[in-house]
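Participant: Task: produce atomic coordinates for the following.
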Amino acid sequence: MDATDALTTLFAACLVAAVGLMMAAWLWGPASLAGWRRARVRRQPFPQAWREVLRQRMPAFARLPADVQLQLKKHAQVLIAEKPFIGCAGLAITEEMRVLVAVQAALLLLNRSAGYFINLRQVLIYPGAFVVARQTADADGLSHDTRRALAGESWQQGQVLLSWLDVLQGAADPQDGHNVVLHEFAHQLDQEAGAANGAPWQVGRAHRARWAHVMNTEFQRLRESLARGEPGLFDGYAASEPAEFFAVATEVFFERPSELARLHAELYGELQNFYRADPRQWLQSSPMLNAPGVAFGADSESTPFGAKRSRSAV
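Facilitator: Here you go, the predicted model:
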């Protein structure tokens with residue numbers, strides 16, 4: 001090989017390497033940059049003013065295990081840094097609102113590495129319950145305009161809508177069995193793979209199949225028990241559709257874990273595997289998770305558990 005051929009070969013190799021590096025930067029650069037930014041945010045101390053918000057508005061936070069507290073604070077810092085919070089109906093967003101929503105939502109991220117609600121673009125907060133208008137069809141196929149007052153809602157397009165009054169109540173009174181933040185952010189996890197159907201994305205066909213079997217079984221069992229008038233952990237709203245069952249079950253999982261594990265062991269196991277947490281272990285240090293009462297939630301459109309859908313960005 002003469003000098004010209006050697007230079008040509010070297011140039012070609014350099015060109016291929018450069019193209020490879022460009023492709024790698026295009027594919028992995030945004031993720032690497034996001035990871036670097038999040039690491040920088042997590043290294044920052046949790047502001048004292050935010051600690052005061054939790055002390056005043058979410059007293060049960062102080063009685064969570066120390067490692068759980070630390071995770072929640074770091075996840076909340078990232079959520080506040082990345083997700084815009086927008087006030088609606090004249091409400092001015094404050095640091096208190098951001099902190100209280102982010103810390104409660106962070107419960108769903110403990111020990112998970114699947115991202116920070118990857119499709120969430122905005123958190124919209126209203127002063128109280130807000131009214132939404134929709135068209136619904138009756139049994140004869142006729143459309144009707146309906147108006148409903150809601151405490152929260154999750155949109156597949158990447159918005160979570162919350163009533164600030166209900167956010168406050170969920171944080172201050174954990175024994176009421178209702179947490180609108182947990183409910184709506186559970187819908188966001190469900191909607192990461194498409195329309196909400198009670199089957200958030202999980203890696204592995206066997207995991208998805210087991211989830212679908214357990215959730216379908218529990219959902220049908222709930223409907224049958226309600227038809228017989230039997231009391232239980234879930235109310236009628238959880239039986240309205242699979243997506244609502246998943247969201248309400250998430251509330252019960254974090255707020256009444258011992259009862260859920262005792263009465264619905266397989267359901268508890270699936271939620272424990274999905275959230276990578278066992279709230280039963282927190283009971284001695286957090287009365288928040290030993291709450292009597294019935295959990296319920298708010299609105300989100302759904303399709304059945306485990307229905308086939310592509311894992312694509314919304």
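Participant: average pLDDT across stretch 97-114?
Facilitator: The predicted model gives stretch 97-114 an average pLDDT of 93.
Participant: quick one: the helices in the stretch 151-300 of the chain?
Facilitator: Using DSSP state H, counting those that start in this stretch, the helices of the stretch 151-300 of the chain run over residues 164-172, 180-190, 205-227, 242-255, 257-263, 265-275.
Participant: which one of those lies closest to Ala81?
Facilitator: Within the helices of the stretch 151-300 of the chain, the stretch nearest Ala81 is helix 180-190; the backing value is 16.9 Å (Cβ to Cβ). Just so you know, the C-beta spots here come from the backbone N, C-alpha and C atoms, and that holds for glycine as well.
Participant: what's the neighbour count on Ala133?
Facilitator: The number of residues packed near Ala133 is 8, by other Cβ atoms under 10 Å.
Participant: That one belongs to a helix, doesn't it?
Facilitator: No - in this structure, Ala133 is strand, not part of a helix, as judged by DSSP: H, G, I helix; E, B strand; the rest coil.
Participant: What does the pLDDT read for it?
Facilitator: For Ala133, the model assigns a pLDDT of 71.
Participant: who does it bridge with?
Facilitator: Beta bridges link Ala133 to Arg147, judged by DSSP bridges.
Participant: mind listing what Arg57 touches?
Facilitator: Glu96, Leu100, Leu168, Ala171, Ala172 (Cβ atoms under 8 Å, 6 or more residues apart in numbering).
Participant: should've said Gln281
Facilitator: If you count contacts by Cβ under 8 Å, 6+ apart, Gln281 has them with Pro65.
Participant: and it, how far is that from Ala171?
Facilitator: According to Cβ to Cβ, to the nearest Å, Gln281 stands 21 Å off from Ala171.
Participant: re the thing from before, switch the helices of the stretch 151-300 of the chain over to TSV; also include mean pLDDT and distance to Leu54.
Facilitator: Below are those laid out as TSV (pLDDT from 0 to 100; distance: least, Cβ to Cβ, whole Å):
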stretch	mean pLDDT	distance to Leu54
helix 164-172	94	9
helix 180-190	97	14
helix 205-227	95	33
helix 242-255	95	17
helix 257-263	93	21
helix 265-275	96	21
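Participant: Ok, which of those comes nearest Val41?
Facilitator: Closest approach to Val41 among those (Cβ to Cβ): helix 180-190, 19.1 Å.
Participant: mind listing the strands for the stretch 51-200 of the chain?
Facilitator: 85-87, 122-126, 130-137, 143-150, 152-155, 159-163 (DSSP state E, counting those that start in this stretch).
Participant: Tell me which of those lies nearest to Glu259.
Facilitator: In terms of Cβ to Cβ, the element of these nearest to Glu259 is strand 152-155, at 23.6 Å.
Participant: how far does the closest one sit from the chain's center?
Facilitator: 11 Å (Cα atoms, centre = their mean, to the nearest Å).
Participant: pLDDT averaged over it - what is it?
Facilitator: For strand 152-155, mean pLDDT is 93.
Participant: how about the CA coordinates for it, as CSV?
Facilitator: What follows is strand 152-155 as a C-alpha-only set of coordinates in CSV (Å, rounded to 0.1, in the frame of the first residue of the first chain):
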residue,chain,number,x,y,z
GLY,A,152,-58.1,16.5,39.5
GLU,A,153,-57.5,15.2,36.0
SER,A,154,-54.7,13.7,33.9
TRP,A,155,-54.4,14.4,30.2
